[in-house]
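Engineer: Need the 3D shape of this:
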Amino acid sequence: MKAIRLKAPGGTDQLEYIELATPTIAVGEVLIRVKAISVNPIDVKTRAGQGLYGMIKIQNPLIIGWDISGEVVETRSESFTVGDQVFGMINFPGHGKSYAEYVAAPASQLALKPATVSHDEAAAATLTALTVWQALVEKAQVNAGQNVLVHAAAGGVGHLAVQLAKHLGAHVTGTSSGANKEFILSLGADKHIDYHRYDWTNSLNEFDFVLDTIGGDNLDRSVDVVRKGGMVISISTGISNETAEKAKQKGVNAFFMLVQSNGDDMQQVASLLESGALRVHVFKSFPFSEMAAAHHQVESGRTVGKVVVTV
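Structural biologist: Here you go, the predicted model:
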């Protein structure tokens, strides 16, 4: 089978196409013929030697990527049968090995792909949608009537967070550049903030929950605008000691969250996709031969929604 190996941390020139034997599967796993792969910022960071690189660098061959949608062609699990169309985030955080034509995956990390969505859309609704589910539902327990702020609301995680928060009954505000205002409002957001022009002191103590997908100084602003007893979750960077102390003094729960592979959560995502509560926006799709171009698109910071690669 064809696969893409990361030769060494660095630029996209370190992504090398190689031939490998098709993976063998263990008890509890299925073999998936991959139809689509989602490319995330964590892929780009890991390729560059950051992200999860330190955790998986001893793997040989090192094949990055975690998000897939495809067809089961072999199974050693009672959960799925040959021919099932499935999707999921594989072994995250760990060695996902999704940049390949075939992937061996734990059945416990997968869900059946709804017939109403394409493989491209399903692959795009893996890491991002799981992040949103685990942050808003499991951690923050967002409910009706709360005020929720989603940073970078036009991005891969952000555009799904807006939709899920609305589905949960929250009043949702999304941030982005002014160019993406209409897109964010079309997702169901009640209010848009152009972060280039906004005076954050006007929103002090306004929100019950903030999902910060940016990090850095944005975390400080997020703590400023959350009411006492509210919550800030960062999925981009850890919380500095200074920001943690600021949050503590204010009575705000602020922490970093790393998404985890979870088949039960994946099934929740599948239900939301099937019902139409979540709609994935695929910004651009690249062929497997153009993985480098997909990485460059993600690195550009100008992606609305998600980037996928078809296999």
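
Engineer: so what's Ala170 closest to, chain neighbours aside?
Structural biologist: Val148 (4.3 Å; CB to CB, 6 or more residues apart in numbering). In this view, the C-beta of every residue, glycine as well, is placed from N, C-alpha and C.

Engineer: count of residues packed around the one you found?
Structural biologist: Look at Val148: counted by other CB atoms under 10 Å, it has 26 neighbours.

Engineer: Please identify which helix or strand holds the most centrally placed residue in the chain.
Structural biologist: Per CA atoms, centre = their mean, the C-alpha nearest to the average position across the chain is that of Thr128, at 2.2 Å. Counting by DSSP states H and E, the element that carries Thr128 is helix 127-132.

Engineer: That helix packs against which elements?
Structural biologist: helix 156-167, helix 263-275 (3 or more CB pairs under 8 Å, 6 or more residues apart in numbering; DSSP states H and E).

Engineer: Ala294 sits in which helix or strand?
Structural biologist: helix 291-299.

Engineer: what's that helix packed up against?
Structural biologist: strand 15-19, strand 29-39, helix 41-47, strand 282-287, strand 306-310.

Engineer: buried sites along it?
Structural biologist: Neighbour-count burial for helix 291-299, counted by 16 or more other CB atoms under 10 Å, picks out Met291, Ala292, Ala294, His295, Gln297, Val298, Glu299.

Engineer: so how far is the lowest-mean-pLDDT helix or strand in the chain from its chain's centroid?
Structural biologist: One helix or strand of the chain scores below all others by mean pLDDT, DSSP states H and E: helix 217-225, with a mean of 91. Chain-centre distance of helix 217-225: 22 Å, with CA atoms, centre = their mean, to the nearest Å.

Engineer: next one: stretch 76-94
Structural biologist: 18 Å.

Engineer: repeat for stretch 168-180
Structural biologist: Worked out by CA atoms, centre = their mean, stretch 168-180 lies 17 Å from the chain centre.

Engineer: How about stretch 57-70?
Structural biologist: Using CA atoms, centre = their mean, the offset of stretch 57-70 from its chain centre is 16 Å.

Engineer: ditto for stretch 12-19
Structural biologist: 24 Å.

Engineer: for stretch 148-156, same thing?
Structural biologist: Distance, centroid of stretch 148-156 to centroid of chain: 12 Å (CA atoms, centre = their mean).

Engineer: What average pLDDT does it get?
Structural biologist: The average pLDDT for stretch 148-156 rounds to 97.

Engineer: So for it, first residue to last residue, what's the gap.
Structural biologist: Stretch 148-156 has an end-to-end distance of 17 Å (criterion: CA to CA, to the nearest Å).

Engineer: Where does Asp208 sit: helix, strand or coil?
Structural biologist: strand (DSSP: H, G, I helix; E, B strand; the rest coil).

Engineer: Count the residues that sit near the closest residue to it other than its chain neighbours.
Structural biologist: Nearest residue to Asp208 in three dimensions, chain neighbours excluded: Gln146, at 4.1 Å (CB to CB, 6+ apart). Gln146 has 18 neighbouring residues, counting by other CB under 10 Å.

Engineer: Now Gln146: phi and psi?
Structural biologist: The phi and psi torsions at Gln146 (degrees, to the nearest 10) take the values phi -80, psi 150.

Engineer: My read is that it contacts Val210, right?
Structural biologist: No. Look at Gln146 against Val210 with CB atoms under 8 Å: they stay out of range, at 11.1 Å.

Engineer: Which parts of this protein belong to which domain?
Structural biologist: According to automatic domain parsing, the chain comprises the domains 2-125+280-310, 128-256.

Engineer: does Phe80 belong to a helix or a strand, and which?
Structural biologist: Short version: Phe80 belongs to no helix or strand, going by DSSP H and E.

Engineer: Against Ser177, how distant is it?
Structural biologist: Distance from Phe80 to Ser177, counting by CB to CB, to the nearest Å: 42 Å.

Engineer: And these two? Which one has more around it.
Structural biologist: Per other CB under 10 Å, whichever of Phe80 and Ser177 has more neighbours is Phe80, with 20 against 13.

Engineer: Quick check: the gap between the residue sitting furthest away from the middle of the chain and Val223.
Structural biologist: Distance from the centre of the chain peaks at Gln249, with 30.9 Å (CA atoms, centre = their mean). To Val223, Gln249 is 10 Å away according to CB to CB.
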